[in-house]
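Take this sequence and fold it.
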Amino acid sequence: MNVVGKIIAVHSYKGGTGKTLLSVNLAAAFAKRGKRVCLFDLDFRAPSLATLLKVEKADHWLNDYLNGTCEIDKVLMDLTDRIHNGGKLFVGLANPSTEAIRDISAKDRKWEMRALGRLLALRNSLLDEKGIDYLIFDTSPGLQYSSINAIVSSDLVIVATTSDRSDVDGTKRMLKELYELFEKKTEIILNKVLEAPTRSGKDFQAKVKDIYQVPLLGIVPCFCDILKAEGNTIFAEEKPDHPFTRILDEMANTIEKSA
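Now for the predicted structure:
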């Protein structure tokens, strides 16, 4: 039995913070470290993992699993062949069709509660029975029910934020009004930072802790080549010597040590 498996939700106050790019690359970083990883797209209202991972179709979607029409085994896609000399990488994708997005947006509270039960069941079916080391949820930004369900189901919540004033203020409110309620272990990633100080600087870490009241997991500078890639490059997989990849490795190492 795997007793150290962990569920990680990657969340943000608003879109445009690089949340999905961080989710994908963190999953790839763990897989390259020899871990068994599942990456799930829970951003049902704007699903993007299928496009980013260049998957044109799936026999079953996460929508089907949450609707109770299939089990999670049917949803999992094995993308291990994209990770060289690593562990295992599986993905579960949200249906990107307009009809599916409209359908998920119309779900009521009862459906959301049943969906939460299905998410909570993944701890047994994936972490315990299949020995998955990390199950990573890429969530919808803001306070959607699907994001709240992901947060409730997780062991660690990583919040991606930027230096944009509305993002800073919104993230602070969200952390205080939502995260404190669920008492979840939470860490911050500062993304797209124009002038990035070193993460080890105690003064800067103390400043971030004072602003957000949660620990700082990592700082990601604004890399021009990441912006130019437009989400088409998984840096942790394709560019092992890139500074972004080294930052991801540091964050993965920190998470592993805290397991």
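
contacts, neighbours, all on C-alpha from now
Fine.

List the buried residues for stretch 117-135?
Burial within stretch 117-135, assessed by neighbour count using 16 or more other Cα atoms under 10 Å, is assigned to 118-120, 122-123, 126-128, 131-135.

Can you say which helix or strand has Ala29 in it?
Under the assignment given by DSSP states H and E, the secondary-structure element containing Ala29 is helix 19-32.

That helix - contacts with which helices or strands?
The elements that helix 19-32 packs onto, with contact taken as 3 or more Cα pairs under 8 Å, 6 or more residues apart in numbering; DSSP states H and E, are strand 6-11, strand 36-42, strand 88-92, strand 134-139, helix 235-238, helix 243-257.

So for Val157, which of these sits nearest?
The minimum distance between Val157 and the helices and strands packed on helix 19-32 falls on strand 6-11, with 4.8 Å, by Cα to Cα.

Strand partners (parallel or antiparallel) of the closest one?
Using DSSP bridges, the strands paired with strand 6-11 in its sheet are strand 134-139 (parallel), strand 156-161 (parallel).

which is the next helix or strand following the first one?
Next along the chain after strand 134-139, taking DSSP H and E as the criterion, comes helix 145-153.

got it, and the last one?
Towards the C-terminus, the helix or strand next in line after strand 156-161, according to DSSP H and E, is helix 165-174.

mind listing what's buried in that following helix?
Burial within helix 165-174, assessed by neighbour count using 16+ other Cα under 10 Å, is assigned to Asp167, Val168, Gly170, Thr171, Lys172, Met174.

List just the nearest of these to Lys14.
Looking at the buried residues of helix 165-174 and their distance to Lys14, the nearest is Asp167, at 6.9 Å (Cα to Cα).

If we ignore the residues flanking it in sequence, what's nearest Ile132?
The spatial neighbour of Ile132 that comes closest, neighbours along the chain excluded (Cα to Cα, 6 or more residues apart in numbering), is Arg36 at 5.0 Å.

In the beta-sheet assignment, what are the partners of that neighbour?
Counting by DSSP bridges, Arg36 forms beta bridges with Lys88.

Identify the residue nearest Val220 in space, chain neighbours excluded?
Ranked by Cα to Cα, 6+ apart and with sequence neighbours excluded, the top spatial neighbour of Val220 is Asn191, at 4.7 Å.
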